[in-house]
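Participant: Here is my input, please return the structure:
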Amino acid sequence: MMGSSWNWMRRMRRRRRKTSKGDIITLADSLPKSLARPWPPLALPLPWDFPLLPTHSTPTSNTRGRICFVTLDGHLLKNYALSTDFTMDALAIFSEFKTAHLPIQSVLSRFTVEQGMPPTSNPWVIKNIVKEVLKSWPLKSANTAKPAEFVEALRGVLMGVAMRLKTTPLKMAHTVTTYDGKSLLQFLTNKHQMIKALEMTWKSLPKEEHGKLIKEYVGVALDILSPATGLPHCGTVQEMDKIVSSELKMVDGVEGGVLNRKEFKKVMVEVVGRIMNELERNPVSVSSDVVITKSIVFPTQEDNSEQRNH
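Facilitator: Numbers count the residues shown, from 1 in each chain. A predicted model of the protein is given here:
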């Protein structure tokens, strides 16, 4: 049940509504169109459009670094490939490459823009750089690969990527977002806003016939609170999904499987607190890379004349 509710939230879409006072975040913003209406047997009307938190007072969802514009010309990647840091990283990857039979393209995704590697999730990078370089990948079978062979083969791939970047530099927009629990601490310490947000969330959720909340909706409630807590919506950051899912397991022990209003608020505060403690111990950083420009090779006059002849 908890899993199905969590999967449902992955499909949630958000909408914004403008007023004369500016943008405000409402509970309806966090619900999909199909569910942005009262559930029976709740009474009509329900306050779907009351403010959850004004935009200006919503805590930042994370520690977001500045957007850096980086030109990858192969120099940084070449230096990394020749360093001892690369050797250690490659040896760490080797065991997983051999036991899990990882494709080499997945191995390359382990390297980052900070190391000079363009994002292998970008279709242009895959087509014009990665696939071309991997044509010379020497290891045909992971079972027979030796650690030293793997390291040198992988080094050769990175050097090949560096050579292509030298002739075709890529300009990247790069930023790192860190979830470190600070926004959750802000949510918990601002008692007035916290109680207000929890109360509105309680009113918005469907109840069973005795007016209590089924425990499986705690995950839905947590996702509705995302604008206030600073947590990403379910399904947007895989590492955060794992942490949230782990902490939501505490709800399985709820007696009777239902919560009244007071119990709901207590459980929500405890869940948020547990997530905050985990992020303080182990912050989650997510990098975002976008290729904003790439060199274009225009045909020469000789190429044009050859095309006309054909």
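
Participant: Now do stretch 231-247: distance from first to last residue.
Facilitator: 13 Å (Cα to Cα, to the nearest Å).

Participant: For it, buried residues please.
Facilitator: Within stretch 231-247, the residues that count as buried by 16 or more other Cβ atoms under 10 Å are 231-234, 237, 240-241, 243-244, 247. Heads up, the C-betas are built off the backbone N, CA and C, glycines and all.

Participant: Most widely separated two among those?
Facilitator: His233 and Glu247 (16.2 Å; Cβ to Cβ).

Participant: What residues does Ala90 make contact with?
Facilitator: For Ala90, the contact set (Cβ atoms under 8 Å, 6 or more residues apart in numbering) comprises 150-151, 154-155.

Participant: Recalculate using a threshold of 10 Å.
Facilitator: Ala90 makes contact with 81, 97, 107, 110-111, 147-148, 150-155, 158 under the criterion Cβ atoms under 10 Å, 6 or more residues apart in numbering.

Participant: same question, Gly253
Facilitator: Lys215.

Participant: pLDDT score for it?
Facilitator: Looking at Gly253, its pLDDT stands at 76.

Participant: repeat for the one 3 residues further on
Facilitator: Listed pLDDT for Gly256 reads 80.

Participant: cool, and Val125?
Facilitator: With respect to pLDDT, Val125 has a value of 89.

Participant: what separates it from Asp85, distance-wise?
Facilitator: 22 Å (Cβ to Cβ, to the nearest Å).

Participant: ditto for Gly74
Facilitator: Gly74 is 17 Å from Asp85, by Cβ to Cβ.

Participant: same deal with Thr189?
Facilitator: Taking Cβ to Cβ, one finds Thr189 at 40 Å from Asp85.

Participant: more neighbours, those two?
Facilitator: Counted by other Cβ atoms under 10 Å, Thr189 and Asp85 do not tie: Asp85 has more neighbours, with 12 against 9.

Participant: Tell me where the stretch 151-300 of the chain is predicted with low confidence.
Facilitator: 293-300 (pLDDT under 70).

Participant: let's see it at 50
Facilitator: 295-300 (pLDDT under 50).

Participant: Quick one: the helices in it, in order.
Facilitator: 182-189, 191-204, 218-224, 226-229, 238-247, 261-281 (DSSP state H, counting those that start in this stretch).

Participant: Does anything pack onto the third one? Which helices or strands?
Facilitator: If you count contacts as 3 or more Cβ pairs under 10 Å, 6 or more residues apart in numbering; DSSP states H and E, helix 218-224 packs onto helix 2-9, helix 191-204, strand 213-214, helix 238-247, helix 261-281.

Participant: mind listing what's buried in the second one?
Facilitator: Looking back up the chat, that one is helix 191-204. So, applying 16+ other Cβ under 10 Å, buried residues of helix 191-204: 193-194, 196-198, 200-202, 204.

Participant: The helices of the stretch 151-300 of the chain: which one's closest to Leu165?
Facilitator: For the helices of the stretch 151-300 of the chain, the distance to Leu165 is smallest for helix 238-247, at 28.0 Å, taking Cβ to Cβ.

Participant: Next, the angle from that closest one to helix 261-281.
Facilitator: Calculated by axes from the mean of the first three to the mean of the last three Cα atoms, to 10 degrees, helix 238-247 forms an angle of 130 degrees with helix 261-281.

Participant: helices or strands next to helix 238-247 in the packing?
Facilitator: Packed next to helix 238-247, using 3+ Cβ pairs under 10 Å, 6+ apart, are helix 2-9, strand 170-179, helix 218-224, helix 261-281, strand 284-294.

Participant: Determine which stretch of these is the most buried.
Facilitator: helix 218-224 (a mean of 23; mean count of other Cβ atoms under 10 Å).

Participant: gap between it and the chain center?
Facilitator: 18 Å (Cα atoms, centre = their mean, to the nearest Å).

Participant: now do stretch 231-239
Facilitator: Per Cα atoms, centre = their mean, the centroid offset for stretch 231-239 relative to its chain is 5 Å.

Participant: quick one: terminal-to-terminal distance for that stretch?
Facilitator: OK, stretch 231-239 end separation, Cα to Cα: 12 Å.

Participant: Enumerate the beta-bridge partners assigned to Cys68.
Facilitator: His174 (DSSP bridges).
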